[in-house]
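A.B. asks: predicted coordinates and the sequence they were generated for:
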Amino acid sequence: MVKIGNIELPDFPLLLAPMEDVSDPPFRAVCKDNGVDLMYTEFISSEGLIRDAIKSRQKLDIFDYERPIGIQIFGGDEEAMALSAKIVSVVEPDLVDINFGCPVKKVVTKGAGAGVLKDIDMMVKLTEAVVRSTSLPVTVKTRLGWDEQTKNIEEVAERLQDVGIKALSIHGRTRSQMYKGEADWTLIAKVKNNPRINIPIFGNGDIDSAQKAVDYKNRFGVDGIMIGRAAIGYPWIFSEIKYFLKHGEMPAAPDIHQRITVIKKHLHKSIEWKKGMSGIFEMRSHYANYLKGFPDIKQYRNKLVQLKTVEEIEETLSEIETKYSGLEIERIPIELINYHEKCPV
């Protein structure tokens with residue numbers, strides 16, 4: 001068992017990374033169905049939350065079936081972070097997470113996200129302000145450092161633990177790398193093996209298969225794994241990892257019937273959450289990832305992103321299900337998934 005404060009998770013839990021314009025309630029619902037153990041909301045600007053930005057407030061929507069779930073915030077001002085932590089606590093998530101890892105320029109230039117990696121003292125102050133402002137467990141997601149010369153994650157881990165965080169998720173790249181190159185998990189392992197560290201350490205970066213997840217578990221000894229891009233269009237990644245851990249072999253890849261079932265659930269959850277047409281528009285960015293790898297699928301993808309009623313979309317999905325019934329589709333490598341981190345409000 002892995003504990004984050006009073007939250008109990010199974011051995012080697014699987015976490016869904018917070019991804020802007022992806023990790024909303026409809027997407028989280030299909031990931032939950034497929035075995036994810038802990039999820040986070042899209043990351044929320046502390047300043048946007050305080051000024052009551054509509055999009056920021058909507059990101060506070062959480063549901064009981066999602067639990068345990070954390071709300072992730074970011075910012076570069078102690079007072080704003082403290083106040084946003086109090087606002088977040090009102091909706092009763094299971095934990096509050098701080099983003100010190102977003103590499104996007106618009107966030108970094110405000111001294112937030114990965115921008116704080118340049119100033120460890122400020123990172124500690126911001127974290128302490130959040131810890132003092134809520135009774136909920138506080139966790140952090142960050143990177144190895146700003147660049148190759150400042151990989152200070154070992155010092156960061158100790159100092160953040162000292163001010164009260166209950167778990168740490170580490171993306172195995174620097175801010176300068178963005179999402180390029182291979183994630184370096186050796187430093188994540190050093191943090192985990194540090195005798196001073198007694199909080200759970202979760203690894204993040206490049207996990208695109210059940211085999212790699214189990215390999216990294218054995219090689220680097222992390223308490224669990226956080227998965228982001230590999231879950232986009234493929235929420236089965238979580239159930240596959242659990243199956244592989246238990247049986248030592250891969251389950252059959254989801255067939256077209258399973259895929260269409262999940263697309264339909266995602267669609268209906270999106271409409272329900274967005275209250276109508278905006279939910280249909282929101283789904284348009286997901287079809288390509290769900291249907292990657294199917295031969296001659298482009299005509300159907302193009303059609304799906306133009307349709308404006310649920311009935312038309314479901315009819316087209318049924319056509320796709322019939323056309324590709326019985327066809328085996330290979331799993332799609334992570335590098336082919338189209339996701340680039342964006343800036344929240």
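C.D. replies: Arrived safely, thanks for sending.
A.B. asks: drop to CA atoms for contacts and neighbour counts, all remaining ones
C.D. replies: Noted.
A.B. asks: next secondary structure element downstream of the helix or strand of the chain with the lowest mean pLDDT?
C.D. replies: Taking mean pLDDT, DSSP states H and E as the measure, the helix or strand of the chain with the lowest value is helix 54-58, at a mean of 65. Note on helix 54-58: by DSSP states H and E, the next helix or strand toward the C-terminus is strand 69-74.
A.B. asks: gap between that next one and the chain center?
C.D. replies: Here strand 69-74 is found 10 Å from its chain centre; the criterion is C-alpha atoms, centre = their mean, to the nearest Å.
A.B. asks: same question, stretch 209-220
C.D. replies: On the basis of C-alpha atoms, centre = their mean, stretch 209-220 sits 18 Å off its chain's mean C-alpha point.
A.B. asks: just the CA atoms of it, as PDB, please.
C.D. replies: Listed next in PDB are the C-alpha coordinates belonging to stretch 209-220 (Å, rounded to 0.1, in the frame of the first residue of the first chain):
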ATOM      1  CA  SER A 209       3.700   0.500 -22.800                       C
ATOM      2  CA  ALA A 210       3.000  -2.000 -20.000                       C
ATOM      3  CA  GLN A 211       6.400  -3.600 -20.600                       C
ATOM      4  CA  LYS A 212       8.200  -0.300 -20.100                       C
ATOM      5  CA  ALA A 213       6.200   0.500 -17.000                       C
ATOM      6  CA  VAL A 214       7.100  -2.800 -15.300                       C
ATOM      7  CA  ASP A 215      10.700  -2.500 -16.500                       C
ATOM      8  CA  TYR A 216      11.000   1.000 -15.000                       C
ATOM      9  CA  LYS A 217       9.400  -0.200 -11.800                       C
ATOM     10  CA  ASN A 218      12.000  -2.900 -11.400                       C
ATOM     11  CA  ARG A 219      15.000  -0.800 -12.600                       C
ATOM     12  CA  PHE A 220      14.300   2.500 -10.700                       C
END
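A.B. asks: and it, what's buried?
C.D. replies: Across stretch 209-220, burial judged by 16 or more other C-alpha atoms under 10 Å covers Ser209, Ala210, Gln211, Ala213, Val214, Tyr216, Lys217, Phe220.
A.B. asks: leaving out chain neighbours, which residue sits closest to the fifth one?
C.D. replies: If the residues on either side of it in the chain are set aside, Val214 comes closest to Leu245, at 6.7 Å by C-alpha to C-alpha, 6 or more residues apart in numbering.
A.B. asks: repeat that for the last one.
C.D. replies: Taking C-alpha to C-alpha, 6+ apart, and ignoring the residues beside it in sequence, Phe220 has Ala189 as its nearest neighbour in space, at 5.0 Å.
A.B. asks: the one you found: what's it in contact with?
C.D. replies: Contact analysis of Ala189 by C-alpha atoms under 8 Å, 6 or more residues apart in numbering lists Phe220, Gly221, Val222.
A.B. asks: can you give me the distance of the last one to Ala230?
C.D. replies: In other words, Val222. Going from Val222 to Ala230 by C-alpha to C-alpha, to the nearest Å gives 19 Å.
A.B. asks: equivalent analysis for the second one, please.
C.D. replies: When C-alpha to C-alpha is applied, the distance between Gly221 and Ala230 equals 21 Å.
A.B. asks: pick out whichever of these two has more residues nearby.
C.D. replies: Set side by side, Gly221 and Ala230 show more neighbours around Ala230, with 24 against 18, by other C-alpha atoms under 10 Å.
A.B. asks: pLDDT value on the more buried one, please?
C.D. replies: Note on Ala230: pLDDT of 92.
A.B. asks: now the one 4 residues further on
C.D. replies: Tyr234 carries a pLDDT score of 94 in this model.
A.B. asks: check the nearest residue to it once chain neighbours are set aside and give its pLDDT.
C.D. replies: Once flanking residues are discounted, Tyr234 sits nearest to Tyr290: 6.6 Å by C-alpha to C-alpha, 6+ apart. Looking at Tyr290, its pLDDT is 93.
A.B. asks: ok, back up a step: could you tell me how far whichever strand or helix holds the residue nearest to Val214 lies from the centre of the chain?
C.D. replies: Secondary structure from DSSP H and E places Leu245 in helix 236-247. Relative to its parent chain, helix 236-247 has a centroid offset of 18 Å by C-alpha atoms, centre = their mean.
A.B. asks: put the alpha carbons of it into CSV.
C.D. replies: Output of helix 236-247 as CSV, limited to C-alpha atoms (Å, rounded to 0.1, in the frame of the first residue of the first chain):
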residue,chain,number,x,y,z
TRP,A,236,-6.4,1.1,-21.8
ILE,A,237,-2.7,1.8,-20.9
PHE,A,238,-3.7,1.6,-17.2
SER,A,239,-5.5,-1.8,-17.4
GLU,A,240,-2.7,-3.2,-19.6
ILE,A,241,0.0,-2.3,-17.1
LYS,A,242,-2.0,-3.9,-14.3
TYR,A,243,-2.6,-7.0,-16.3
PHE,A,244,1.1,-7.3,-17.3
LEU,A,245,2.1,-6.9,-13.6
LYS,A,246,-0.2,-9.7,-12.6
HIS,A,247,0.2,-12.1,-15.4
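A.B. asks: mind listing what's buried along the following helix or strand past that helix?
C.D. replies: Downstream of helix 236-247, the first helix or strand assigned by DSSP H and E is helix 256-274. Within helix 256-274, the residues that count as buried by 16+ other C-alpha under 10 Å are 256-257, 259-260, 262-263, 266-271, 273-274.
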